[in-house]
Structure formats: structure tokens, C-alpha cells
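>>> could you work out the structure for the sequence below:
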Amino acid sequence: MQLKPVLAVDDLNRFLETDFPEVNTDGKIFTVEAIGPGFATMRFDPLQRHLRPGNTISGPSLFALADVTAYVALLAHIGPMALAVTTSLNINFLRKPPLGPLLCTCNILKLGKRLAVLDASISGVGSDELVAHATATYSIPPK
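Here you go, the predicted structure:
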């Protein structure tokens, strides 16, 4: 069975702006770029505060990107359920990310009634070389 999104890119960007304005507190850094059957892609435009010594994007920033993208991918397929929460997220940092915008594509591996398992891949814009890979599990609240 192929998953079909129930929310569009504009719906999700609006949801983040209204229900989770803290995601973009000091400027729009997270933007939903694409939604499709079983996946979502987000763009992250890092600010100075997202950098760490060594002139690279910090691990917590990459973690946040994976988590927000997984959340968006899930909501795109179940609707705007603000109380869906992360129950686990494991991330592997594979190489130093480029300074500049990053893309995260998250695929839904399993969507059940109570849990969803997702796979996130992060790379620089215009690059197929992964800088991080994560898997996430989300708890879905009862309707």
C-alpha cells in the first residue's frame, strides 16, 4: 500500500508557523520543500548560532533538522496532530556538513495506528553526499 499525503507543502509550512512558531523564532530557518507519497523534504538555512568551532554546522542543529523533518513527514500523512511526539531518534554523523543550506529527506518506513518509524537523510543542497543519517520513531496519539 502506497502512502498518500493528506497535507500539502503550504499547509505544513502554515502549521509550523501557527502551532510551532518557536521552530523559526529568529528567522525562517526550516522550510518544507516537498511532500510526496511516504516522504517529506525540508530545507535548513543555518544562522551563525548553528555553527560550532571548526567552522561547521553543529550536531544539535542536524538533530533538530532530522526531528522536524520526521515530524513534518508524519503530519503530511496523518493530518495536523500537534501531539504526535518523538519517542526515539538515533543519528549518525557521517561527514562534516558544508557551510550553507542543507536538505533533509525523510521517508516513512512504517505507519501504524500508534507508532511510525521514519528514515532521514541529510545532505548539502545540490549534493548527494550524506552528512548525517537518522532513524526516528514517533508516537501517534489516539483520535
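>>> so who does the nearest residue to residue 36 once chain neighbours are set aside touch?
Nearest residue to residue 36 in three dimensions, chain neighbours excluded: residue 5, at 6.8 Å (Cβ to Cβ, 6 or more residues apart in numbering). Every residue, glycine included, has its C-beta placed from N, CA and C. Residue 5 makes contact with 35, 36, 37, 76, 77, according to Cβ atoms under 8 Å, 6 or more residues apart in numbering.
>>> buried set for the strand or helix carrying the fourth one?
Looking back up the chat, that one is residue 76. Under the criterion of DSSP states H and E, residue 76 resides in helix 59-78. For helix 59-78, the neighbour count (16 or more other Cβ atoms under 10 Å) marks 61-78 as buried.
>>> just the strands in the chain please.
30-36, 39-44, 51-52, 56-57, 85-93, 102-111, 115-124, 130-139 (DSSP state E).
>>> for the fifth one, name the packing helices and strands.
If I follow you right, that is strand 85-93. Packed against strand 85-93 by the contact rule (3 or more Cβ pairs under 8 Å, 6 or more residues apart in numbering; DSSP states H and E) you find helix 59-78, strand 130-139.
>>> nearest to residue 46, out of these?
Residue 46 lies closest to helix 59-78 among the helices and strands packed on strand 85-93, at 6.2 Å (Cβ to Cβ).
>>> export that closest one as CSV, just CAs?
Extracted in CSV, the C-alpha atoms of helix 59-78 (Å, rounded to 0.1, in the frame of the first residue of the first chain):
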residue,chain,number,x,y,z
GLY,A,59,25.3,18.3,15.7
PRO,A,60,22.3,19.6,17.7
SER,A,61,21.3,21.6,14.6
LEU,A,62,21.4,18.5,12.4
PHE,A,63,19.5,16.5,15.0
ALA,A,64,16.8,19.2,15.0
LEU,A,65,16.6,19.1,11.2
ALA,A,66,16.1,15.3,11.3
ASP,A,67,13.5,15.6,14.0
VAL,A,68,11.5,18.4,12.5
THR,A,69,11.5,16.7,9.0
ALA,A,70,10.3,13.4,10.5
TYR,A,71,7.5,15.3,12.3
VAL,A,72,6.5,17.0,9.0
ALA,A,73,6.6,13.8,7.1
LEU,A,74,4.4,12.1,9.6
LEU,A,75,1.9,15.0,9.8
ALA,A,76,1.8,15.2,6.0
HIS,A,77,0.3,11.7,6.1
ILE,A,78,-1.9,11.7,9.2
